[in-house]
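Asker: Mind folding the following:
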Amino acid sequence: MAPVRRIDHLHPGKPSGRDLVGDHCIDGYQMARQGRAGVALAIAAIGSFFAGTVCTMIVALFGPLLANLRLEFGSPEYFSLMLMGLVTRRCSPRATC
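Answerer: Below you'll find the predicted structure:
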């Protein structure tokens, strides 16, 4: 329902969606103001369906490979992955300091 809020009301929905209020949201909002809200919502729905389908295919394709790789991991590798995730999250541009 987030695309509906962004297109119809120029409202980002969740706080994490505020960066999307830029070009993508204003185009759909302008289309809605011109009476073409149905087209804007259809584009958002088709894009969401396509992205979801592609991501599902990628997970289905690479899931078994990653599962086999996971069996070779020990404690040091898990610790390194967790540390890398925490450092990446802390150093990301959108992290609050």
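Asker: which regions of the chain lie under the pLDDT threshold?
Answerer: Counting by pLDDT under 70, the chain contains low-confidence ranges at 1-26, 94-97.
Asker: By residue count, what's the longest helix in it?
Answerer: Counting by DSSP state H, the longest helix found in the chain is helix 37-70.
Asker: which SS class is Glu72?
Answerer: coil (DSSP: H, G, I helix; E, B strand; the rest coil).
Asker: ok, now how distant is it from Ser80?
Answerer: 13 Å (Cβ to Cβ, to the nearest Å). Just so you know, the C-beta spots here come from the backbone N, C-alpha and C atoms, and that holds for glycine as well.
Asker: re the thing from before, which other helices and strands contact the longest helix of the chain?
Answerer: Secondary-structure packing of helix 37-70 (3 or more Cβ pairs under 8 Å, 6 or more residues apart in numbering; DSSP states H and E): helix 2-9, helix 23-33.
Asker: Which SSE is immediately downstream of that helix?
Answerer: Scanning forward in sequence from helix 37-70 by DSSP states H and E, the next helix or strand is helix 75-91.
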